[in-house]
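S.K.: this one's structure only:
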């Protein structure tokens, strides 16, 4: 079982990868399966913090909060 800090770090990495996959465009999404290392725990963690949204077609996109966090981490 992963610790909360490991889950948080992985969730933040997922944000970065989604941001890169969507070129940072708002309302864009990508397939969850295209995010390397994404675990159910980290995805649920990010969902719980409202950093990401899941689509009906197994896609995932950043919320405004998720975009802000991804940009903040990049700088």
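M.R.: Ah, there it is. Note that the coordinates shown come from a computational prediction; the quantities given were computed from them, not determined experimentally.

S.K.: With adjacent residues omitted, what lies nearest to the residue sitting nearest the centre point of the chain?
M.R.: With the centre of the chain defined as its mean C-alpha position, the nearest residue by Cα atoms, centre = their mean is residue 15, 3.3 Å away. Leaving aside its chain neighbours, residue 15 sits nearest to residue 70 (4.5 Å; criterion: Cβ to Cβ, 6 or more residues apart in numbering). Any C-beta I mention is one placed from the backbone N, CA and C, and that applies to glycine too.

S.K.: Okay, that neighbour and residue 61: tell me how far apart.
M.R.: Counting by Cβ to Cβ, to the nearest Å, the separation of residue 70 from residue 61 is 11 Å.

S.K.: same check, this time on residue 9
M.R.: 21 Å.

S.K.: cool, and residue 36?
M.R.: For residue 36, the distance to residue 61 - Cβ to Cβ - is 17 Å.

S.K.: Same drill for those two, tell me which one is more crowded.
M.R.: residue 61 (19 against 8; other Cβ atoms under 10 Å).

S.K.: and the more buried one, what is it in contact with?
M.R.: 18, 22, 27-30, 52-53, 55 (Cβ atoms under 8 Å, 6 or more residues apart in numbering).

S.K.: least confident pick among these?
M.R.: Checked by pLDDT, the contacts of residue 61 have residue 27 as the lowest-scoring entry (88).

S.K.: how near is residue 13 to residue 57?
M.R.: In terms of Cβ to Cβ, residue 13 sits 23 Å off from residue 57.

S.K.: Of these two, which one has the most company?
M.R.: Taking other Cβ under 10 Å, residue 13 and residue 57 do not tie; residue 13 has more neighbours (16 against 8).
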